[in-house]
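K.L.:
The sequence and its predicted three-dimensional model are supplied below.
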Protein chains: 2
Amino acid sequence: MKIDIKEMDEYLVKLLRTVGDNLVVDSAKDKSVDTKSSRIDLVTNFDKSTEKWLVGEIKKKYPDSTIVSEEGYGDVVNDMSGLVFFVDPIDGTMNFVKRRDDFASMIGVYLDGKPFLGAIIDVVKSEIYHGGPDYGIFRNEEEVTSPKNQSLPEGLVDISWPMVMADKFNSQAVVKKSSGLRIYGSAGIIFEHLIFGREVLYMSYLAPWDLAAGRVLCESLGLEVATIDDSPVNMLKSQVVIVGTKKVISEVLRTVKK
Amino acid sequence: MKIDIKEMDEYLVKLLRTVGDNLVVDSAKDKSVDTKSSRIDLVTNFDKSTEKWLVGEIKKKYPDSTIVSEEGYGDVVNDMSGLVFFVDPIDGTMNFVKRRDDFASMIGVYLDGKPFLGAIIDVVKSEIYHGGPDYGIFRNEEEVTSPKNQSLPEGLVDISWPMVMADKFNSQAVVKKSSGLRIYGSAGIIFEHLIFGREVLYMSYLAPWDLAAGRVLCESLGLEVATIDDSPVNMLKSQVVIVGTKKVISEVLRTVKK
């Protein structure tokens, strides 16, 4: 499949710019909020309308692609061949509803199973982080350079709160070796911090749409994405993922207990 | 003591505007970083120079006041009579160093032991939250109204990570009743979230300068500030403090175990 990577990157940025402009207004509106798997797993009318729109636009432009998405407007995807889009219309829905800050919208693109392009918008900051391994990574128009390969004691870590409260995988030992724990509650926002070296580890149970865009951006900048048992990352299932600098991932894999 | 409250509020805002303009530049510079009580309790040359400047300016304008401050440029204060200033030059020094975001500078003013004025700047956002019980509370120029009296299940809570990891005071039960845990790592930034109803509880071991300004702002807006054992708040010692909506404080006091 021959794809114009620049054209696609610009298209992703255009889509997320529109989504961001809408969501920043929507975050102040009354929302219709439903729960999914639990009392604190939220979905709003805006998650659904945003995803529906994104899926429609992607299908118009790339009719031969398949789409994996959070709220069900995408396809049933059983293999990673060809062009696969991952869409998370609102990442950090709880933050969107309660904080009205620190939420994102994300699109990841994989070609024959390989990271191809990713785009994340920090909606309230109005900044888009985008690009891929063969294209470079950008914050809006400005190219981003790789973050320093910091060690665990040098940096802040971000771990999902159910995991760290239960000390799953020995995660509290990881925190104690670090500079401290932060919990921002949105994968997209945490990927932003990782890209700029402002946190050094993210550890959480992630669905494909939570991980796809961030994985592209992080790996393109020399960060590592691994699973908790160091098995290959599978983009078609949910799994416990660790993302961070090479030094940190190596230290975390020595520290965690499956 | 006769004090022009409007003049003092404007003075606090002017001081923090200068501090904010400097710190946003300083955060990108190389810093001289030392540790205090532990490996992760940081102080930089900018904490010290900022406090020294603030203490000097306050002493010039209010020579009869006493000043309680973090880095040692203030006075030894043994009682709360008269006009007492509390200065935290950089609140969230770890964030200042690692995240370059989510840090604050804060000044709290008490008159004969009573909350009088408070001012907090979110440095990166360049927003100042300021005012007092007899004056009103403002975000920059715009008056702030009281947040909704949300219940614990309705809101996000922010608890210091050593406390929640060790389940001190039964704090994990508090998290489980809430909408979720966030950890932002700066008292000033968390007070900002509380003021706007974007988090509903802050629970942490706080020094006087961590608490002083936020207590003024929060109490002025109908939020509650209590100690973990419901004893009176003592502004001259460090203590475990809970700050939140009336509903949440009542629920938390029923849930925590001393």
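P.N.:
Right, received. Where do you want to start? Residues are numbered from 1 along each chain as shown, chains lettered A, B, ... in the order given.
K.L.:
near chain B, which residues of the stretch 101-250 of chain A?
P.N.:
Counting by CB under 8 Å from any CB of the partner chain, the stretch 101-250 of chain A comes close to chain B at A:101, A:153, A:155-156, A:161, A:164-165, A:167, A:172, A:175, A:179-185, A:193, A:198-199. All C-beta atoms are positioned from the backbone trio N, CA, C, and that covers glycine.
K.L.:
neighbours of residue A:118, just the number please.
P.N.:
Residue A:118 has 29 neighbours, counted by other CB atoms under 10 Å in any protein chain shown.
K.L.:
give me the beta-bridge partners of it?
P.N.:
Under DSSP bridges, the beta-bridge partners of residue A:118 are residue A:108, residue A:131.
K.L.:
does it really touch residue A:135, like I thought?
P.N.:
No. Residue A:118 is not in contact with residue A:135 according to CB atoms under 8 Å; the separation is 10.1 Å.
K.L.:
can you pull out the helices in the stretch 101-250 of chain A?
P.N.:
Counting by DSSP state H, counting those that start in this stretch, one finds helices in the stretch 101-250 of chain A at the ranges A:161-165, A:171-177, A:187-195, A:208-220, A:246-255.
K.L.:
can you list those helices in TSV and add mean neighbour count, distance to residue A:4 and mean pLDDT?
P.N.:
Listed next are these as TSV, based on neighbours: other CB atoms under 10 Å in any protein chain shown; distance: least, CB to CB, whole Å; pLDDT from 0 to 100:
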stretch	mean neighbour count	distance to residue A:4	mean pLDDT
helix A:161-165	20	40	98
helix A:171-177	19	42	98
helix A:187-195	25	25	98
helix A:208-220	26	17	98
helix A:246-255	18	32	97
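K.L.:
Can you classify residue A:85 as helix, strand or coil?
P.N.:
Three-state assignment for residue A:85 (DSSP: H, G, I helix; E, B strand; the rest coil): strand.
K.L.:
quick one: the nearest residue to it once chain neighbours are set aside and chain B, what's the gap?
P.N.:
Spatially, and ignoring its direct neighbours in sequence, residue A:85 is nearest to residue A:67 (4.6 Å; CB to CB, 6 or more residues apart in numbering or on different chains). According to CB to the nearest CB, to the nearest Å, residue A:67 stands 29 Å off from chain B.
K.L.:
Mind giving me the packing neighbours of whichever helix or strand residue A:67 is part of?
P.N.:
Taking DSSP states H and E as the definition, residue A:67 sits inside strand A:66-69. Applying 3 or more CB pairs under 8 Å, 6 or more residues apart in numbering or on different chains; DSSP states H and E, one finds that strand A:66-69 contacts helix A:45-61, strand A:83-91, helix A:208-220.
K.L.:
still on that earlier bit, rebuild the helices of the stretch 101-250 of chain A as TSV, extending it with distance to residue B:130.
P.N.:
What follows is the helices of the stretch 101-250 of chain A, written out as TSV (distance: least, CB to CB, whole Å):
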stretch	distance to residue B:130
helix A:161-165	32
helix A:171-177	34
helix A:187-195	28
helix A:208-220	37
helix A:246-255	39
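K.L.:
Looking at those helices, which is nearest to residue A:62?
P.N.:
The minimum distance between residue A:62 and the helices of the stretch 101-250 of chain A falls on helix A:208-220, with 15.3 Å, by CB to CB.
K.L.:
Run the angle between that closest one and strand A:83-91 for me.
P.N.:
110 degrees (axes from the mean of the first three to the mean of the last three CA atoms, to 10 degrees).
K.L.:
With just CA atoms, put helix A:208-220 into CSV.
P.N.:
The C-alpha trace of helix A:208-220 is given here as CSV (Å, rounded to 0.1, in the frame of the first residue of the first chain):
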residue,chain,number,x,y,z
PRO,A,208,-5.7,-0.5,22.1
TRP,A,209,-7.1,3.0,21.6
ASP,A,210,-5.4,4.2,24.8
LEU,A,211,-2.0,3.1,23.6
ALA,A,212,-1.9,3.3,19.9
ALA,A,213,-1.1,7.0,19.2
GLY,A,214,1.2,7.3,22.2
ARG,A,215,3.2,4.2,21.3
VAL,A,216,3.9,5.7,17.9
LEU,A,217,5.1,9.0,19.3
CYS,A,218,7.1,7.5,22.2
GLU,A,219,8.9,4.8,20.2
SER,A,220,9.7,7.4,17.5
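K.L.:
if we can go back for a sec, look up how far residue B:255 lies from the residue nearest to residue A:85.
P.N.:
Distance of residue A:67 to residue B:255, computed by CB to CB, to the nearest Å: 44 Å.
K.L.:
How many residues are close by residue A:82?
P.N.:
15.
K.L.:
residues contacting it?
P.N.:
For residue A:82, the contacting residues are A:1, A:64-66, A:111-112, by CB atoms under 8 Å, 6 or more residues apart in numbering or on different chains.
K.L.:
out of the residues you listed, which one sits closest to residue A:27?
P.N.:
For the contacts of residue A:82, the nearest to residue A:27 is residue A:65 (29.2 Å; CB to CB).
K.L.:
So for the closest residue to the closest one other than its chain neighbours, what's the pLDDT?
P.N.:
Spatial nearest neighbour of residue A:65, excluding adjacent residues (CB to CB, 6+ apart): residue A:83 at 4.1 Å. pLDDT for residue A:83: 97.
K.L.:
From residue A:62, how far out is residue A:83?
P.N.:
6 Å.
K.L.:
try residue A:256
P.N.:
Residue A:256 is 38 Å from residue A:62, where distance means CB to CB.
K.L.:
what's the answer for residue A:184, then?
P.N.:
Taken as CB to CB, the span from residue A:184 to residue A:62 is 31 Å.
K.L.:
follow-up on the earlier one: weed out the non-buried ones from the residues of the stretch 101-250 of chain A next to chain B.
P.N.:
Neighbour counting over these (16 or more other CB atoms under 10 Å in any protein chain shown) leaves A:101, A:155-156, A:161, A:164-165, A:172, A:175, A:179-185, A:193, A:198-199 as the buried ones.
K.L.:
burial measure for the closest residue to residue A:28 other than its chain neighbours, as a count.
P.N.:
Counting by CB to CB, 6+ apart, the nearest residue to residue A:28 once its immediate chain neighbours are dropped is residue A:100, at 6.8 Å. Per other CB under 10 Å, the neighbour tally for residue A:100 reads 17.
K.L.:
ok now do residue A:100, which residues does it touch?
P.N.:
Going by CB under 8 Å, 6+ apart, residue A:100 touches A:27-28, A:124, B:198.
K.L.:
Try it again at 7 Å.
P.N.:
For residue A:100, the contact set (CB atoms under 7 Å, 6 or more residues apart in numbering or on different chains) comprises A:27-28, B:198.
K.L.:
Tell me which entries of the residues you listed lie within strands.
P.N.:
Among these, no member is found in strands (DSSP state E).
K.L.:
what's the spacing between residue A:190 and residue A:223?
P.N.:
Counting by CB to CB, the gap from residue A:190 to residue A:223 is 12 Å.
K.L.:
Would you mind listing the buried residues in stretch A:79-99?
P.N.:
Judged by neighbour count using 16+ other CB under 10 Å, the buried positions of stretch A:79-99 are A:80, A:83-99.
K.L.:
Which helix or which strand is home to residue A:40?
P.N.:
Assigned by DSSP H and E, residue A:40 belongs to no helix or strand.
K.L.:
how many neighbours does it have?
P.N.:
Per other CB under 10 Å, the neighbour tally for residue A:40 reads 16.
K.L.:
just residue A:222 next, same as before
P.N.:
13.
K.L.:
quick one, phi psi at the nearest residue to it once chain neighbours are set aside?
P.N.:
Leaving out its chain neighbours, the residue that sits closest to residue A:222 by CB to CB, 6+ apart is residue A:146, at 4.5 Å. Main-chain torsions, residue A:146, degrees, to the nearest 10: phi -60, psi 140.
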